[in-house]
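[1] next one to model:
(one chain, ligands or ions: 1)
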Amino acid sequence: MKINNFCIANWKMNLDVDECLNFLKKFNSFKNVHAGTKVVICPSYTSIYPCVNHDNTFSLSWGSQDISNNFNGSYTGEVSLDMVEKLGCEYTIVGHSERRANFNETNDIVAEKFIKIYNSSLTPILCIGESLNDRNNGNFKNILTSQIDNILSKLSIIDKNIIIAYEPIWAIGTGVSADLKTISETHSLLKNIIKKYTLKNCNIWLLYGGSVNDDNAKSIISLENVDGFLIGGASLSPENFYKIYSSMGGL
Ligand code: PGA
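    Numbers count the residues shown, from 1 in each chain. This is a model prediction of the structure:
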């Protein structure tokens, strides 16, 4: 089945196991109406196993929110790519702005993790985005270009699917998304940056993230270069997440 767009939940450090299972009980009562929209949920590490093994009638795929940049060994507190892969994850977020800001993840660390993911069975969901300061002083083009080029330039030919989520830092968790003109202009800039790379039998989807909700989802997904959403706060409620998913059909 061809994937037209992605509806991805980033639960961050929210929802313990019981809360996740309650979410799923409700979400599974909804109808899986849009075959071309892939729904991916990224719970916290501790909830991945019970979520994947829950009896889900809704077609769901699973992702982790991060992975270690080491394969295995003496790295207390870290979780490896292999571990989440074996739990049934098919995706992982990498380079979320909260990790870049709070855990000092540089473009180089993000690139190291990205390459590990790219070389595995998982599909990377690479997060990029600029600060408000960089948006206002016009430096956002350089920031976004280097966030992409620093990674994709390491691949001679791209022959595996990649998801890139444009998440302006100034829109995350604020309740106010970037406006349609900003999203549209930035996504066409990003599509242009991506165009210079050679793709072989694969696709790069460009998602928007940053205060997506059931009010703004329909108008954002209608924009030409938006291939789906990475959703934080609004994905914690099964009803709201489903409303966003519902607004994405047929595109
Ligand atoms: P938000 O978060 O939807 O709550 O703004 C998005 C994200 O951080 O991925």
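[2] residue 234: neighbouring residues, count only.
    21 (other CB atoms under 10 Å). Where you see a C-beta, it was placed from the backbone N, CA and C, and this is true even at glycine.
[3] make sure it is actually in contact with residue 245.
    No: Residue 234 lies out of contact with residue 245 (CB atoms under 8 Å); the separation is 10.8 Å.
[4] give me the pLDDT for the residue of the stretch 101-250 of the chain found nearest the ligand.
    The ligand sits closest to residue 232 of the stretch 101-250 of the chain, with a gap of 2.3 Å, by CB to the nearest ligand atom. Note for residue 232: predicted pLDDT of 98.
[5] name the nearest residue to it, sequence neighbours excluded.
    Leaving aside its sequence neighbours, residue 232 sits nearest to residue 10 (CB to CB, 6 or more residues apart in numbering; 5.1 Å).
[6] what's near enough to touch the one you found?
    By CB atoms under 8 Å, 6 or more residues apart in numbering, residue 10 lies in contact with 42, 65, 93, 96, 209, 230-232, 235.
[7] can you pull up the bridge partners for it?
    residue 42 (DSSP bridges).
[8] and the gap between it and residue 192?
    According to CB to CB, to the nearest Å, residue 10 and residue 192 sit 26 Å apart.
[9] hmm, residue 220 and residue 183 touching each other?
    Yes: using CB under 8 Å, residue 183 is in contact with residue 220, at 6.1 Å.
[10] any low-confidence regions in the stretch 151-251 of the chain?
    250-251 (pLDDT under 70).
[11] strands along the stretch 101-250 of the chain, start to end?
    123-128, 162-166, 204-209, 228-231 (DSSP state E, counting those that start in this stretch).
[12] what residues does residue 48 make contact with?
    So residue 48 contacts 62, 64, 84, 87-89 (CB under 8 Å, 6+ apart).
[13] would you mind listing the buried residues in the helix or strand harbouring it?
    Using DSSP states H and E, residue 48 sits within helix 45-52. For helix 45-52, a neighbour-count test (16 or more other CB atoms under 10 Å) marks 47-49, 51-52 as buried.
[14] do stretch 174-188 as well
    Residues of stretch 174-188 classed as buried: 177-178, 183-184, 186-187 (neighbour count, 16+ other CB under 10 Å).
[15] ok, stretch 196-211 near the ligand or not?
    Yes: counting by CB under 6 Å from any ligand atom, contacts between stretch 196-211 and the ligand involve 209-211.
[16] tell me, how many residues neighbour residue 100?
    Neighbour tally, residue 100, other CB under 10 Å: 19.
[17] is it true that it touches residue 110?
    Yes: counting by CB under 8 Å, residue 100 touches residue 110, with 7.2 Å between them.
[18] which SS class is residue 62?
    strand (DSSP: H, G, I helix; E, B strand; the rest coil).
[19] please shift the residue numbers so they start at 9 in all later answers.
    In the new numbering, first residue 9, that becomes residue 70.
[20] for the ligand, see how far away it is.
    Distance, residue 70 to the ligand, by CB to the nearest ligand atom, to the nearest Å: 16 Å.
[21] what pairs with that residue across the strands?
    When bridges are called by DSSP bridges, residue 70 pairs up with residue 49.
[22] list the contacts of it.
    Contacts for residue 70 (CB under 8 Å, 6+ apart) come out as 48-51, 56, 59-60, 95-99.
[23] so how far is residue 27 from it?
    Between residue 70 and residue 27 the computed distance is 16 Å (CB to CB).
[24] and for the protein, the residue most distant from the center?
    Most distant from the centre of the chain: residue 82, at 28.4 Å, with distances by CA atoms, centre = their mean.
[25] got the confidence number for it?
    On the pLDDT scale, residue 82 is placed at 98.
[26] wasn't it part of a strand?
    No: counting by three-state DSSP, residue 82 falls outside a strand, being coil.
[27] backbone dihedrals for it, please?
    With angles defined as degrees, to the nearest 10, residue 82 shows backbone torsions of phi -80, psi 70.
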